[in-house]
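Chemist: Model the structure of this input:
(chains A and B)
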Amino acid sequence: DARVTQTPRHKVTEMGQEVTMRCQPILGHNTVFWYRQTMMQGLELLAYFRNRAPLDDSGMPKDRFSAEMPDATLATLKIQPSEPRDSAVYFCASGLEIQGSYNEQFFGPGTRLTVL
Amino acid sequence: GESVGLHLPTLSVQEGDNSIINCAYSNSASDYFIWYKQESGKGPQFIIDIRSNMDKRQGQRVTVLLNKTVKHLSLQIAATQPGDSAVYFCAENIIGYSSASKIIFGSGTRLSIRP
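Modeler: Numbering: from 1, shown residues only, chains lettered A, B, ... in the order given. Here you go, the predicted model:
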């Protein structure tokens, strides 16, 4: 049963610390998405990749957030330095996008981040 | 899995009745729409999708209706069951720069089932 995995599932850290969240997309998928879910904003798209190349990270605060795909099996979202307002659940999703066809996204279980 | 306690509009439905969840989308150029279900403690899960060249699509117990004139999408759930309790999100596919499409989520509706 293929699924997206995310680590850690929970992270509590102090303001100013670096946070790295990891995602393993479903094998064979060529798109990866990072979302943030908060009570106030709902689900926000932060960044997404196709074939490991970043396509759109306009939803991500550039000064402290960075997203990368070191290889096809790993996507990372890093926050440095973290702030209390970054507290949220961060979801990773992956999908298979073929030219002309649309992209169903499969979501991971999320990482709940709390910044004190 | 994780979720957040979202402050959302809530639809309360008697078990066995039909549910209708509505959504207004923003971009008239959107060409693909999806409904997702998010249960407590889990990530969103795909339910059903529809392309802009259609106005209705049916799945198992679910139907999606699309009205492009007023930019309105609805999800109908037949014979609602306790397992349908969740937050439901509509999402639209928007063509961004680099000719790359991306999915933008709506704010969500919480469906609550009365026994």
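
Chemist: contacts and neighbour counts: CA atoms only from here.
Modeler: OK.

Chemist: tell me the SS of the closest residue to chain B within chain A?
Modeler: The minimum distance from chain A to chain B, using Cα to the nearest Cα, falls at A:Pro109 (4.1 Å). Assigned with DSSP: H, G, I helix; E, B strand; the rest coil, A:Pro109 falls in the coil class.

Chemist: and it, how many residues sit next to it?
Modeler: 24 (other Cα atoms under 10 Å in any protein chain shown).

Chemist: contacting residues around it?
Modeler: A:4-6, A:9, A:91, B:1-2, B:41-43 (Cα atoms under 8 Å, 6 or more residues apart in numbering or on different chains).

Chemist: can you pick the most crowded of the residues you listed?
Modeler: Result: A:Phe91 is most packed of these (other Cα under 10 Å), 31 neighbours.

Chemist: wait, what's in contact with that one?
Modeler: Contact partners of A:Phe91, counting by Cα under 8 Å, 6+ apart, are A:34-37, A:107-111, B:43.

Chemist: who does the lowest-mean-pLDDT helix or strand in chain B touch, helix- and strand-wise?
Modeler: When each helix and strand of chain B is scored by mean pLDDT, DSSP states H and E, strand B:101-105 comes last, with a mean of 78. If contacts are counted by 3 or more Cα pairs under 8 Å, 6 or more residues apart in numbering or on different chains; DSSP states H and E, strand B:101-105 sits against strand A:42-50, strand B:86-95.

Chemist: now these in CSV, with distance to A:Arg22?
Modeler: Shown next, in CSV, are those (distance: least, Cα to Cα, whole Å):
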stretch, distance to A:Arg22
strand A:42-50, 14
strand B:86-95, 25
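
Chemist: Compare those and give me the one nearest B:Pro115.
Modeler: Closest approach to B:Pro115 among the helices and strands packed on strand B:101-105 (Cα to Cα): strand B:86-95, 15.1 Å.

Chemist: about what we covered before: tabulate the helices and strands packed on strand B:101-105 (CSV), appending mean neighbour count.
Modeler: Below are the helices and strands packed on strand B:101-105 laid out as CSV (neighbours: other Cα atoms under 10 Å in any protein chain shown):
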stretch, mean neighbour count
strand A:42-50, 22
strand B:86-95, 23
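
Chemist: Which of these sits closest to A:Gly59?
Modeler: Judging these by Cα to Cα, what sits closest to A:Gly59 is strand A:42-50, at 4.4 Å.

Chemist: just checking, next helix/strand downstream of that closest one?
Modeler: Once the chain leaves strand A:42-50, the next helix or strand it forms, by DSSP states H and E, is strand A:53-56.

Chemist: touching chain B at all, that following strand?
Modeler: Yes. For strand A:53-56, a contact with chain B is found by Cα under 8 Å from any Cα of the partner chain, at A:55-56.
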